[in-house]
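Sharing a model prediction with you, sequence too.
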Amino acid sequence: MEFEEETATATDNHHRIAAPLDSSSHHRRVASLDAFRGLTVSLMVLVDDAGGEWPVIAHAPWNGCNLADFVMPFFLFIVGVSIALAFKRIEDKAVAVKKVILRTLQLLFWGLLLQGGLQRPRTIGSFM
């Protein structure tokens, strides 16, 4: 599918929205959110690979804050904005809630299956 960039408004030329060439589609992506998501994934890879060598970007001890400690809050911000944008497109709120519950159950199922959550020994204080 081919994409082109269109301006968000006539007066604001520096904010762009990537939209499919098919004009019947109303789904548009927010380019700034996609860029922030990409930068956050890059930061996650950098912290995971080089965090042991450079203490500045590794996870901080309990009483500190380093660059690695911002990855999860950035992802939570991205998730919150994405959910808000997705809910704006759904007219019926009952359908929206049903989709959220179904998606949550699917993610939990695949997370437990792929991470072996059902095969690990259960101890006090552990999940599952």
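Arrived safely. Numbers count the residues shown, from 1 in each chain.

Sort out which residues of the longest helix anywhere in the chain are buried, please.
Determined from DSSP state H, the single longest helix within the chain is helix 93-115. Residues Ala96 are the ones in helix 93-115 that count as buried (16 or more other C-beta atoms under 10 Å). Glycine gets a C-beta too; all of them are placed from N, C-alpha and C.

Make 6 the starting number, not 1.
Right, with 6 as the first residue, what we last looked at is helix 98-120.

Which strands or helices does that helix pack on?
Using 3 or more C-beta pairs under 8 Å, 6 or more residues apart in numbering; DSSP states H and E as the contact criterion, no secondary-structure element is in contact with helix 98-120.

For it, C-alpha coordinates in PDB please.
Backbone C-alpha positions of helix 98-120 (Å, rounded to 0.1, in the frame of the first residue of the first chain) are rendered in PDB as follows:
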ATOM      1  CA  LYS A  98     -18.700   2.500  23.600                       C
ATOM      2  CA  ALA A  99     -20.000  -1.100  24.400                       C
ATOM      3  CA  VAL A 100     -18.200  -2.300  21.300                       C
ATOM      4  CA  ALA A 101     -15.100  -0.400  22.400                       C
ATOM      5  CA  VAL A 102     -15.100  -2.000  25.800                       C
ATOM      6  CA  LYS A 103     -15.700  -5.500  24.300                       C
ATOM      7  CA  LYS A 104     -12.700  -5.000  22.000                       C
ATOM      8  CA  VAL A 105     -10.500  -3.800  24.900                       C
ATOM      9  CA  ILE A 106     -11.400  -6.800  27.000                       C
ATOM     10  CA  LEU A 107     -10.900  -9.300  24.100                       C
ATOM     11  CA  ARG A 108      -7.500  -7.700  23.300                       C
ATOM     12  CA  THR A 109      -6.400  -7.800  27.000                       C
ATOM     13  CA  LEU A 110      -7.300 -11.500  27.300                       C
ATOM     14  CA  GLN A 111      -5.400 -12.200  24.000                       C
ATOM     15  CA  LEU A 112      -2.300 -10.400  25.300                       C
ATOM     16  CA  LEU A 113      -2.400 -12.200  28.600                       C
ATOM     17  CA  PHE A 114      -2.800 -15.500  27.000                       C
ATOM     18  CA  TRP A 115       0.100 -15.000  24.600                       C
ATOM     19  CA  GLY A 116       2.300 -13.500  27.300                       C
ATOM     20  CA  LEU A 117       1.800 -16.400  29.600                       C
ATOM     21  CA  LEU A 118       2.300 -18.900  26.800                       C
ATOM     22  CA  LEU A 119       5.400 -17.400  25.300                       C
ATOM     23  CA  GLN A 120       7.100 -16.500  28.600                       C
END
